[in-house]
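[1] Starting from these lines, generate the structure:
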Amino acid sequence: MAEISATDAKNKFGQVLEMAQAGPVRIQKNGRDVAVVLSPEQYAALQAVNGTPKVRPAIEELMTRSLERRKSLYEALAR
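    Purely as a prediction, here's the structure:
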């Protein structure tokens, strides 16, 4: 991952945008990470991964069917 100081990122913002097309760019201030610049494609890929369910679809389907079958029981317990 490319690294650049916050001052350089400010002064060379166009270059940072070009660098982000090749891969994430880490921006550092006083030796610590403060931001990461990503291309739109990299951001979309990250969003797609985060949007996928954490539970396998088959298990999710079983949970949904169970809730539907036992809906009256759950409602009675909630009262």
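[2] where does this protein have low pLDDT?
    Residue ranges of the chain with pLDDT under 70: 52-55.
[3] what do you get if the cut-off is 80, keeping everything else the same?
    50-56, 79 (pLDDT under 80).
[4] just the helices in it please.
    In the chain, the segments counted as helices under DSSP state H are 6-11, 13-22, 40-51, 57-69, 71-78.
[5] Now do the last one: distance to the chain's middle.
    Taking CA atoms, centre = their mean, to the nearest Å, one finds helix 71-78 lying 36 Å from the centre of the chain it belongs to.
[6] repeat for the second one
    The chain centroid and the centroid of helix 13-22 are separated by 21 Å under CA atoms, centre = their mean.
[7] Pull the contacting residues for Arg26.
    Met1, Ala2, Glu3, Ile4, Asp33, Ala35, Val36 (CB atoms under 8 Å, 6 or more residues apart in numbering). Where C-beta positions appear, they are placed from N, C-alpha and C, glycine not excepted.
[8] Take the residues you listed and keep only those in strands.
    Secondary structure defined by DSSP state E assigns Ala2, Glu3, Ile4, Asp33, Ala35, Val36 of the contacts of Arg26 to strands.
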